[in-house]
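Asker: Would you be able to build a 3D model of this:
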Amino acid sequence: MPGGRLTQEERQQIALGLADGLAYAEIARGLHRPTSTITREVMRNGGPTAYRADLAHHATERRAHRRRQPTPRGPQVPPQAHGRSAAAVREYEETFTTLFMQQGLPKMMARVLTCLFTTDAGSLTASELVQRLQVSPASVSKAITFLESQGLVRRERDERRRERYIVDDDVFYQATIASARGTAQIAEIARQGVGILGPDTPAAARLENIARFSDFISESITRAAEQAREVLYTKAETTGGTAESRSDRG
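Answerer: Modelled structure (predicted):
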């Protein structure tokens, strides 16, 4: 399987594949490249609808030129604990960020969330995020505000009164519940339209169907999230209790 950077000819094949509606995996097989390579290439250069081979190639050349410039003083890559490979961690972070972007998360929000998820402590200050991501404090602040509104992060003050941004085991439960509330709001607004447009009109019938569908989805998501949370937490507590019982018997 070939390695190294994508060539201009390969980028043209990617553009043709996207134009034909091919999946990333299918394009990757044709080029004998990993699917993750194609996914990152496309998402880094405008996404599937805006990807242009020539622009992507020029952008890559510019990035390569910047990397050849003298490295600024100060640590840009945090030291890796537990014997981790810094290159492997960076590769994984890019993959995770790309996945979040495919799910509709803006790039900066995706980078911040990935950074928090892959930090052992599960929390970072604004200055730590600025240093790790090499972005402005304003960019971090905007990303955190958005992520907090989606229930994906929360804020706390540490012992030095610094604001820390935290993700924990409950983060996806909170995000799922926030998503369910948003879906319920769609149902509410759709039903308002039924009264405004007239109950016997085609538009109102469409909105009523949207409302019923959204209600069902919202209730199902909430119920599933509650059940999953209860099962996972009960399992953890049972495992802990079993361990303690064994310890007591010993």
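Asker: Skipping adjacent residues, who's closest to Phe96 in space?
Answerer: Thr114 (4.5 Å; CB to CB, 6 or more residues apart in numbering). (Each C-beta comes from the backbone N, C-alpha and C, glycine too.)
Asker: tell me which element the one you found is part of?
Answerer: Here Thr114, judged by DSSP states H and E, is contained in helix 107-117.
Asker: Give me the helices and strands touching that helix, please.
Answerer: Contacts defined by 3 or more CB pairs under 8 Å, 6 or more residues apart in numbering; DSSP states H and E place helix 107-117 against helix 86-102, strand 123-125, helix 126-133, helix 137-149, strand 163-166.
Asker: For the first one, give the mean pLDDT please.
Answerer: Put plainly, it is helix 86-102. Here helix 86-102 scores 87 as its mean pLDDT.
Asker: now that helix against helix 126-133, angle please.
Answerer: Interaxial angle, helix 86-102 versus helix 126-133 (axes from the mean of the first three to the mean of the last three CA atoms, to 10 degrees): 110 degrees.
Asker: got the angle between helix 86-102 and helix 107-117?
Answerer: 130 degrees.
Asker: Packing partners of helix 86-102?
Answerer: For helix 86-102, the packing partners by 3+ CB pairs under 8 Å, 6+ apart come out as helix 35-44, helix 107-117.
Asker: The helix or strand containing Ile14 to helix 35-44, inter-axis angle?
Answerer: Assigned by DSSP H and E, Ile14 belongs to helix 8-19. Going by the same axes, to 10 degrees, helix 8-19 is angled at 80 degrees with respect to helix 35-44.
Asker: On the C-terminal side of helix 8-19, identify the next helix or strand.
Answerer: Per DSSP H and E, the first helix or strand lying C-terminal to helix 8-19 is helix 24-31.
Asker: Now do the buried residues in that next one.
Answerer: By neighbour count on 16 or more other CB atoms under 10 Å, the buried set for helix 24-31 is 24, 27-28, 31.
Asker: Stretch 6-17 now?
Answerer: 6, 10-11, 13-15, 17.
Asker: how distant is that stretch from the center of its chain?
Answerer: 26 Å (CA atoms, centre = their mean, to the nearest Å).
Asker: neighbouring contacts of that stretch?
Answerer: 26-27, 30-31, 33, 37-38, 41-42, 51-54, 56-57, 60 (CB atoms under 8 Å, 6 or more residues apart in numbering).
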